[in-house]
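>>> Give me the fold of what follows.
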Amino acid sequence: GIQINYLEEDRLTGTAGALRLLPEIDVPILVINGDIITKMSFKSMLGFHHDNKANLTVGLWQYQVKIEYGVVETKGIAIQGITEKPSVDFLINAGVYLLSPKCLYLVPNCIPEGQTFHITDLLKSAINRKYAVVGFPIHESWLDIGQPKDYEQAQTEHHINGN
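Next up, the predicted model:
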């Protein structure tokens, strides 16, 4: 029940460089990295985008780094404390974006034609111009399958390849 249009580049110009090929639009567009599997609600993301009057909404995923050792806190050579096997949480860019038409107009204004331009470059340009850039937390499943081990995990957990 949805319409999907594809654009082909003559040469690779980065994740945002290809946006130059879009016709003029007057609604937000969804951009997703090709190596992402998620069950997130795009409808909820769009509602969030509108509710926050955003120009650019970035899907965010909670990512935890576990340190397998005791982390020592020092001041000079004096040990001040130790934390056994801590974990640190980060919000990471999940490779899912909603871009308003205003944000899309940045692409031709920020880069010369034919130059490589990544979506993170567009994100930085929007922030520098004081555009409304917001983060949408993803609570549903999300997996980046850009690495072979992650792709193997996806085949089991997400049942790709017709399983």
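>>> Now the spatially most central residue of the chain: closest residue in space that isn't a chain neighbour?
Residue closest to the mean C-alpha point of the chain, counted by CA atoms, centre = their mean, is Gly95 at 2.5 Å. Take Gly95 and drop its neighbours on the chain: the residue closest to it by CB to CB, 6 or more residues apart in numbering is Asn33, 3.3 Å away. Every C-beta, even on glycine, is put in place using the N, C-alpha and C of the backbone.
>>> For that neighbour, give its distance to Asp144.
Distance, Asn33 to Asp144, using CB to CB, to the nearest Å: 8 Å.
>>> again with Gln64
Applying CB to CB, the value for Gln64 to Asp144 is 15 Å.
>>> ok, now Ile138?
With distances taken as CB to CB, Ile138 is found 12 Å from Asp144.
>>> again, but for Cys110
26 Å.
>>> same thing with Pro23?
30 Å.
>>> Mind checking which of the two has more residues around it?
For Pro23 versus Asp144, neighbours defined as other CB atoms under 10 Å are more numerous around Asp144 (17 against 6).
>>> Quick one: residues contacting that one.
The neighbours of Asp144, taking CB atoms under 8 Å, 6 or more residues apart in numbering as the test, are 33, 35-36, 95, 150.
>>> cutoff 6 Å now
Contact analysis of Asp144 by CB atoms under 6 Å, 6 or more residues apart in numbering lists 35, 150.
>>> so it bridges to which residues?
For Asp144, the beta-bridge partners under DSSP bridges are Ile36.
>>> lowest-pLDDT helix or strand in this protein?
Taking mean pLDDT, DSSP states H and E as the measure, the chain has helix 106-110 as its least confident helix or strand, at a mean of 75.
>>> Identify each buried residue in that one, please.
Across helix 106-110, burial judged by 16 or more other CB atoms under 10 Å covers 106-107, 110.
>>> Could you export it as PDB, CA atoms only?
What follows is helix 106-110, C-alpha atoms only, in PDB (Å, rounded to 0.1, in the frame of the first residue of the first chain):
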ATOM      1  CA  LEU A 106      20.500  22.700   2.400                       C
ATOM      2  CA  VAL A 107      22.000  20.000   0.200                       C
ATOM      3  CA  PRO A 108      22.500  22.200  -2.900                       C
ATOM      4  CA  ASN A 109      23.500  25.200  -0.800                       C
ATOM      5  CA  CYS A 110      26.100  23.300   1.300                       C
END
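>>> Skipping adjacent residues, who's closest to Ser87 in space?
Using CB to CB, 6+ apart, the closest residue to Ser87 is Lys66 (4.6 Å).
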